[in-house]
Structures are given as structure tokens and as C-alpha cells.
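Chemist: please find the sequence and the predicted model below.
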Amino acid sequence: MSSIVNVFVVSPDTRSERRFDLRITVEQLKAKLELVTGIPVQNQKIEVQNGDGQTVAQLTDDSKQLGYYGLSDLQTLKVIDTNPSTSFTGQLSDTSHVEKFELSDEAYANRTDTVLAYKQRHKMGRFALQSEPSPSAPQVNIPIGARCEVESTEHGLHKRGTVRFVGPTKFAKTGVWVGVEYDEPIGRNDGSVQGERYFTCRSNYGIFVRPERLRVGDFPVEEIGFDDEEM
């Protein structure tokens with residue numbers, strides 16, 4: 001049976017795993033533990049605890065060997081400082097008397113070596129450039145299926161048809177367009193532009209115009225001429 005045990009050593013400021021020979025005395029153990037815990041030999045009270053934290057023995061006789069107390073692997077030696085006023089016990093972990101560095105919000109904001117300054121320089125987080133929202137399409141009160149009349153540059157000539165589409169399109173980045181199905185084949189398309197279909201009509205009967213270029217009303221079918229200004 002090995003005379004070496006692996007145990008945990010805990011004190012107010014330390015926790016470590018150590019190996020000790022069961023043949024050394026409690027006095028010799030205390031000398032070793034002073035180097036580990038910083039607690040003077042004369043101030044040490046040592047308890048042996050099991051895995052559940054229960055005290056199973058106290059090393060009260062300095063002349064006895066560790067084996068006398070039945071110390072075994074993975075038990076814990078709890079070193080208590082009976083007179084902490086004469087040692088540094090607890091002072092290493094007690095921060096109540098440590099002067100803390102404090103910096104006002106204004107002083108922090110003026111520094112150039114902070115995370116805040118880094119984010120400001122690199123436009124990160126709340127300092128990132130905000131893309132302006134694209135303007136929403138204006139509301140146009142032109143009902144689908146309404147009869148309409150499209151303006152023409154020819155004096156006294158208007159082109160008549162039926163509204164088939166109202167809204168934004170892919171062929172123009174902004175604004176609202178009105179798709180019209182003409183009464184006659186005087187248009188430019190069949191309701192589709194650049195491969196995108198917005199409504200369906202016969203070839204050359206479809207046209208797209210801006211809302212301000214047409215009027216909605218009770219317009220009967222009439223014979224009309226051609227105009228080259230529509231899109």
C-alpha cells in the first residue's frame with residue numbers, strides 16, 4: 001500500500017491539490033502548509049473533510065503521523081487561521097479596502113484608447129452609418145378597371161383605355177406607374193416590361209405612364225392617333 005496520498009488543501013486564500021507522505025508528522029505538515037497557505041504554523045488548525053465537506057478528523061497532535069488519522073486520497077485538509085490579525089490571511093481576497101479606479105462618463109467619452117472610441121472610429125454598433133430609408137411610393141387613387149384618358153402632345157388628341165395596374169415597377173426605381181390597356185393597338189407592350197409582367201393584354205395594347213399623365217372618367221371608346229412619348 002502506498003504511503004503517498006493526494007489531497008486538497010484549502011485555506012481562506014488558497015485552494016490546491018497536494019501530495020503528502022503519511023509518515024510525516026502533523027508538525028512537519030504544518031511547516032509545509034505555511035508555504036502553501038501563508039498561515040504561520042502556530043496559527044494553523046487543520047481539519048480533515050470528506051467529499052461531502054463533513055469534518056471527519058482534526059489534526060490536533062503535532063507529534064502524530066498523518067497515517068494515524070487515516071488520511072486518504074481525495075480528502076480535504078482545511079487549514080484555519082486561528083489568529084488572522086498576525087498574518088495576511090483574508091487580505092488577498094478582501095477587496096473592501098482597495099481603492100477603486102473610477103472614471104466619469106464624460107472623461108471616458110473623451111479618451112481615445114477605449115472600446116467606445118474604437119467603435120466610433122470604425123462606425124460600429126450604434127455608430128454605424130444608418131442607410132436612409134427609401135421613400136415610400138405615394139398613394140395614388142386610381143382604381144383598377146377604371147376608364148381613363150392618356151394625354152398626348154398632339155393637340156386635341158387623347159388616347160383612351162382601361163387601367164390594369166397601379167404601383168411601383170422594377171423598370172423604374174422610384175414612383176408609381178399606371179399600366180393601361182389601350183382600346184387600340186397603339187401601345188408599347190403586352191403588360192410586361194423587361195421580362196416582368198404587371199398585367200396581361202394583347203401585344204401593342206399595353207402602356208405605362210405616370211399618374212399625372214392620365215385622367216380617370218367615363219370615357220367611351222373613340223378612334224385615336226399615335227403618340228411617341230409614352231413608355
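Modeler: Yes, it's here. Numbering: from 1, shown residues only.
Chemist: could you pull out the strands in this protein for me?
Modeler: In the chain, the strands defined using DSSP state E lie at 4-10, 15-21, 44-49, 55-58, 76-81, 147-150, 159-167, 177-182, 192-193, 196-197, 206-209, 214-216.
Chemist: mean pLDDT added to those strands, as a markdown table?
Modeler: As requested, the strands of the chain are exported to a markdown table (pLDDT from 0 to 100):
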| stretch | mean pLDDT |
| --- | --- |
| strand 4-10 | 95 |
| strand 15-21 | 95 |
| strand 44-49 | 96 |
| strand 55-58 | 94 |
| strand 76-81 | 95 |
| strand 147-150 | 94 |
| strand 159-167 | 95 |
| strand 177-182 | 96 |
| strand 192-193 | 96 |
| strand 196-197 | 96 |
| strand 206-209 | 96 |
| strand 214-216 | 93 |
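Chemist: between these, which one is closest to F127.
Modeler: Proximity to F127, assessed across those by CB to CB, is greatest for strand 159-167 (36.7 Å). All C-beta spots, glycine's among them, are computed from the backbone N, C-alpha and C.
Chemist: off-centre distance for that closest one?
Modeler: A distance of 48 Å separates the centroid of the chain from that of strand 159-167, by CA atoms, centre = their mean, to the nearest Å.
Chemist: ok, stretch 211-227 next?
Modeler: Remark: stretch 211-227 is offset 56 Å from the chain centroid, using CA atoms, centre = their mean.
Chemist: the strands of the chain: which one's closest to L103?
Modeler: For L103, the closest of those is strand 15-21, at 33.3 Å, according to CB to CB.
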